[in-house]
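Undergrad: missing the sequence, but the structure's below:
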Ligand code: GRF
């Protein structure tokens, strides 16, 4: 299955996908293209080192968000992408884009949704005093972090945690869970029934 990974930042999740899927000939997954909205995203360097084509699509270079989305769509078509993986991609898509790729865009979020959605989930978790946090992988819908949940993993929150230590613990789980979910998807094992995502036996 040809996938695209969209990333705005350091790309450690992209690296996990490269190492565990792209470089594994038996995974059935090829990262056909990496797209970023930031020229300086380290994710682009990781992709280039793995020989994966990269594209930078910046919001400021387009008259509006529909035009931005259309450019991304054009690239996805060019690489015959079947599944879109958001890995720290910090831009929201317009509803038309979400509808076009319904059930074909997956995101990862550093909390146990529906707790702590949005861009500040780790500091929000600490500020709230939650004792458990984790990772959620889900299909995106038109809302913010509201789509059907595919898989979750939990981590403890310790009294002396700061953002860095909690994020580090969460990242360890992300780097296991995301490649696992993409593997399931490539193997045709995910079935969406209403809000529920069923993982079928292989
Ligand atoms: C991850 O924590 C992910 O949950 C969130 O953005 C972060 C991206 O990290 N959506 P990285 O760029 O993959 O290191």
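TA: Yes, it's here. Everything numeric in this text was worked out from a predicted model, so none of it was measured. Numbering: from 1, shown residues only.

Undergrad: what residues does the chain put near the ligand?
TA: Taking Cβ under 6 Å from any ligand atom as the criterion, the chain approaches the ligand at residues 7, 9, 10, 11, 12, 13, 87, 88, 108, 109, 110, 174. C-beta here means a position set from N, CA and C on the backbone, and glycine is covered the same way.

Undergrad: could you pull out the strands in this protein for me?
TA: 2-6, 30-36, 54-56, 83-86, 105-109, 132-139, 149-156, 190-193, 196-199 (DSSP state E).

Undergrad: would you format the ones you listed as CSV with mean neighbour count, distance to residue 44 and mean pLDDT included?
TA: Below are these laid out as CSV (neighbours: other Cβ atoms under 10 Å; distance: least, Cβ to Cβ, whole Å; pLDDT from 0 to 100):
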stretch, mean neighbour count, distance to residue 44, mean pLDDT
strand 2-6, 24, 11, 98
strand 30-36, 23, 5, 98
strand 54-56, 17, 5, 98
strand 83-86, 22, 15, 98
strand 105-109, 22, 19, 98
strand 132-139, 22, 23, 98
strand 149-156, 17, 26, 98
strand 190-193, 13, 29, 96
strand 196-199, 14, 30, 98
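
Undergrad: for those strands, give me TSV that also has distance to residue 70.
TA: Shown next, in TSV, are the strands of the chain (distance: least, Cβ to Cβ, whole Å):
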stretch	distance to residue 70
strand 2-6	15
strand 30-36	13
strand 54-56	14
strand 83-86	15
strand 105-109	16
strand 132-139	22
strand 149-156	27
strand 190-193	26
strand 196-199	28
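
Undergrad: circling back to that earlier point, who wins for most neighbours among the residues of the chain next to the ligand?
TA: Using other Cβ atoms under 10 Å as the neighbour test, the residues of the chain next to the ligand are led by residue 7, with 29 neighbours.
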